[in-house]
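Participant: following is a predicted model, sequence given first.
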Amino acid sequence: MTRMAKTVRESQTEMTELALPGDSNPLGNILGGRVMHWIDLAAAMAAMRHAGQVAVTASMDRVEFLNPIKVGHVVHLTACLTWVGRTSMEVRVNVESEDMVSGEHNVTSTAYLTFVAIGADGRPVSVPPLMVTTAQEAEEFQAAERRRAERMKQRKPTNGATP
């Protein structure tokens, strides 16, 4: 069955969280692990919207914490697909914090995650192609292909298989 291509915008996901004391370290900054959890959730929603079914995290590329998120700040996460293969998808998540008192916004992180669509039998299934509609989306798609090639080079064979 051939599935109709979907645009980047069709699966884009926006998520908002309030940074609470239970998510912080002794400095009043939100724990990196909590931010990674939110990143994974936002990316999963975008991947599942695109696939139209369950998608599971296969990998997360390097995450840098550029600016701290303080307790009381609002955290905005935006997730969108950057590349789609036969069963796998790359999702970019941008994270920004907002100080509601001062109105200041800071980019805190950007992460790229790979998801695989999974069918009812627990095996990978095909997903709709990604339709890029802007020059920026086309550039991101090409960059995603380069990241994928690099991930494939780094992959270690399992069970005697070659990558």
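Facilitator: Structure received.
Participant: all contacts plus neighbour counts: C-alpha atoms, from now on.
Facilitator: Noted.
Participant: what lines up beside the top strand by length along the chain in the sheet?
Facilitator: As assigned by DSSP state E, the longest strand anywhere in the chain is strand 105-117. Sheet pairing here is set by DSSP bridges, and for strand 105-117 it gives strand 55-60 (antiparallel), strand 88-98 (antiparallel).
Participant: deepest-packed of those strands, please.
Facilitator: Each of these was scored by mean neighbour count; the highest is strand 88-98, a mean of 24, by mean count of other Cα atoms under 10 Å.
Participant: show me how far that strand is from its chain's centre.
Facilitator: On the basis of Cα atoms, centre = their mean, to the nearest Å, strand 88-98 sits 4 Å off its chain's mean C-alpha point.
Participant: so what touches that strand?
Facilitator: 39, 42-43, 46-47, 69, 73-84, 104-117, 126-127, 144 (Cα atoms under 8 Å, 6 or more residues apart in numbering).
Participant: which parts of the longest strand of the chain are buried?
Facilitator: For strand 105-117, burial by neighbour count (16 or more other Cα atoms under 10 Å) applies to 107-117.
Participant: nothing else from me, thank you.
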